[in-house]
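S.K.: Mind looking at a prediction? Sequence and model below.
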Amino acid sequence: MKITRVPQSGEKGMALLVTLFLCTILSISIAGYLLHSRQQNYLSVRSQVWNLTMGVTEAGIEEGMEHLNTSPTNLTADGWQWDGSTKYSMTRSVTPTTGYTVTIDAANMVSPTVSAVANISNPSLAKGPESTFFAASTAGTISSGGSSGIQRAVKITAGKSSLFMMAMVAKHTIDMNGNNVMTDSFDSTSTNASNGGMYPSGNRLKIRNSGDVASNDSIINAVNVGNADIYGHVSVGPGGTVSVGPNGGVGPYWWVQMNQGQIAPDYFSDDMNFTFESVTIPNVGYATPQSGPATFTDYSTYTVTSNTLLVTTNVYPTPAPATGVQTNLSYNTVSVIPVPIPAGMVTNVLWVATSSKTPPALGTYVGAVTVKGTKYYYNLITGTNYTYPITTYTYSSDLTQTNYATTSGNYDYILYGSSDPDHPAVYQVPSINNANVLVMGGYATFIVTGDVSISGQNGLTIAPDSSLKMYV
């Protein structure tokens, strides 16, 4: 027997409702997953753009640094724009959607600042509606988001370092052989560390301890101090060592005096890695140095003398000296009326006593006319002159005079320099063997094609106001 069941209409409606509910839940889940995927895609592409801005910013910084090094005295060169104050800028496009603006602030050319702002337009995949959420970022000095693009900025402070960061630096070993070898330093900008900007010879209170010596070599005894006194630091390459003789020392002056044959704590390091630029010997004509006696002014040795002088002038000194001012009044007489007429001038009439048989004309005499018999006696006018007062001021003045000493000697090589630093005097010799060398009179270049050996009482003397560039 076959039984057929006929469902009620209420049961059909319930099944349809459950189906619709399940479809709704599934649709919401799929829509949420798609929105999440889309958001992840936004963030991923935007992160790539954000990272790209750093490379563009670095390109701007590099251009600013190059401009500072190539045109430090003409920052408007090569199309850079001046804002009328202290800033110079350049804007460049790297691609149609990528570029940067770099700005140099030259308010302080000792340490100018360079800032670069990268501007990158968002690709379409990274653009979203205003309601899209993006994670905040502080990776740059400046950062801004949005659908139009991304900006990122970097700011640096530049500075110049000297080529001569130490008193003596070499690629390989340094052997300080001989007696009375010493390195130290002074500060020409400080009166406490120099004698009027010159080396304070013999004055240990002014001499400083920055006579550093260094070698790039990473070998045993990369620097052989021997019996020399290094009033400063000594550095070698990684793993290198320093040898000090029994009468030598490295460190501050007073420490070395009490610790012969030793190196002061923290005055040795083995991390030296100095970069030496390639050297090209000048291809110019050269001269052979002269020899014989020479004398130059030694500005490090001087005496000071003081004298008190009396100064008289017609202008009152301002400010008046503490010793006081004496006012002097005198008179001057001239035959020609001065122009302009000075204050207090008096006209003087000159005359002589005379007589005549006829009466004098009016205006030709002064005083009364006396008649005796047939003669007339009177004072005849012979001319005029002019007298006026002169005021002067006398005061004492202290005159201080600095007397510099001169140094004389006999030299094996005398290099007379040039006054033009761009065109120094050039000298060349095959070698130097225990010679006494003097550089004086300006800028000089010395080329030694062979070995150099200076020991004993010989030395290399560079006179004040002179400069030497030496190729060995």
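M.R.: Done, it's in. Residues are numbered from 1 along each chain as shown.
S.K.: the longest strand in the protein is where?
M.R.: Scanning the chain for the longest strand, with DSSP state E as the assignment, gives strand 375-416.
S.K.: next SSE after it?
M.R.: Read in the C-terminal direction, the helix or strand following strand 375-416 is strand 425-429, with elements assigned using DSSP states H and E.
S.K.: Report the next helix or strand after that following strand in sequence order.
M.R.: The helix or strand immediately downstream of strand 425-429 is strand 432-433, counting by DSSP H and E.
S.K.: What strands flank that next one, and is each parallel or antiparallel?
M.R.: The sheet places strand 432-433 alongside strand 452-453 (parallel), with pairing taken from DSSP bridges.
S.K.: Not counting the partner strand itself, show me its contacts.
M.R.: With contact meaning CB atoms under 8 Å, 6 or more residues apart in numbering, strand 452-453 is reached by 431-434, 472. Just so you know, the C-beta spots here come from the backbone N, C-alpha and C atoms, and that holds for glycine as well.
S.K.: Which residue comes closest to Thr354 once chain neighbours are left out?
M.R.: Leu380 (4.6 Å; CB to CB, 6 or more residues apart in numbering).
S.K.: Next one: that neighbour from Gly197, what distance?
M.R.: Summarising the geometry, the distance separating Leu380 from Gly197, computed by CB to CB, to the nearest Å, is 74 Å.
S.K.: Helix or strand next in line after the helix or strand hosting Leu329, which one?
M.R.: Taking DSSP H and E as the criterion, the element that holds Leu329 is strand 326-334. In the C-terminal direction, the helix or strand that comes right after strand 326-334 (DSSP H and E) is strand 346-356.
S.K.: May I have the strands that pair with that following strand, each with its orientation?
M.R.: Strand 346-356 sits in its sheet next to strand 375-416 (antiparallel), going by DSSP bridges.
S.K.: chain center to the partner strand: distance?
M.R.: A distance of 43 Å separates the centroid of the chain from that of strand 375-416, by CA atoms, centre = their mean, to the nearest Å.
S.K.: tell me which residues in the strand holding Leu329 are buried?
M.R.: By neighbour count with 16 or more other CB atoms under 10 Å, strand 326-334 contains no buried residues.
S.K.: Any stretches of the stretch 301-450 of the chain with poor pLDDT?
M.R.: Flagging of the stretch 301-450 of the chain using pLDDT under 70 yields the residue ranges 301-302.
S.K.: For stretch 448-462, which residues meet the burial criterion?
M.R.: By neighbour count, and taking 16+ other CB under 10 Å as the criterion, the buried residues in stretch 448-462 are 448, 458, 460-462.
S.K.: So which of these sits lowest on pLDDT?
M.R.: Sorting the buried residues of stretch 448-462 by pLDDT puts Asn458 at the bottom of the list (83).
S.K.: isn't that one right up against Leu438?
M.R.: No - counting by CB atoms under 8 Å, Asn458 does not reach Leu438; the two are 10.9 Å apart.
S.K.: what number of residues lie near Thr97?
M.R.: 13 (other CB atoms under 10 Å).
S.K.: That one and Ser121 touch, don't they?
M.R.: Yes - taking CB under 8 Å as the definition, Thr97 is a contact partner of Ser121 at 4.1 Å.
S.K.: which intervals of the stretch 51-200 of the chain have sub-threshold pLDDT?
M.R.: Within the stretch 51-200 of the chain, the segments meeting pLDDT under 70 span 122-148, 160-164.
S.K.: what about Val250, distance to Asn209?
M.R.: Applying CB to CB, the value for Val250 to Asn209 is 10 Å.
S.K.: Going along the chain, name the helices of the stretch 151-300 of the chain.
M.R.: Taking DSSP state H, counting those that start in this stretch as the test, the helices found in the stretch 151-300 of the chain are 253-258.
S.K.: Let me know the secondary structure of the residue nearest to Ser396 when sequence neighbours are not counted.
M.R.: Closest residue in space to Ser396, ignoring its immediate chain neighbours: Thr323 at 4.9 Å, by CB to CB, 6+ apart. Of the three states, Thr323 takes coil under DSSP: H, G, I helix; E, B strand; the rest coil.
S.K.: rewinding a little: any residues in contact with both of Val250 and Asn209?
M.R.: Common neighbours of Val250 and Asn209 (CB under 8 Å, 6+ apart) are Gly232.
S.K.: quick one on the thing from earlier: among the buried residues of stretch 448-462, which are located in strands?
M.R.: Secondary structure defined by DSSP E assigns 448, 460-462 of those to strands.
S.K.: out of the residues you listed, who's nearest Ser188?
M.R.: Of all these, Ile462 has the smallest distance to Ser188: 13.9 Å, by CB to CB.
S.K.: So in terms of bridging, what pairs with that closest one?
M.R.: Beta-bridge pairing of Ile462, defined through DSSP bridges, involves Val439.
S.K.: for Thr295, same thing?
M.R.: Per DSSP bridges, residues listed as beta-bridge partners of Thr295: Ser408.
S.K.: show me what contacts Gly450?
M.R.: Contact analysis of Gly450 by CB under 8 Å, 6+ apart lists 430-431.
S.K.: now the one 5 residues further on
M.R.: Contact criterion CB under 8 Å, 6+ apart gives 177-178, 434 as the residues in contact with Ser455.
S.K.: Swap in 6 Å and give it another go.
M.R.: Residues counted as contacts of Ser455 (CB atoms under 6 Å, 6 or more residues apart in numbering) are 178, 434.
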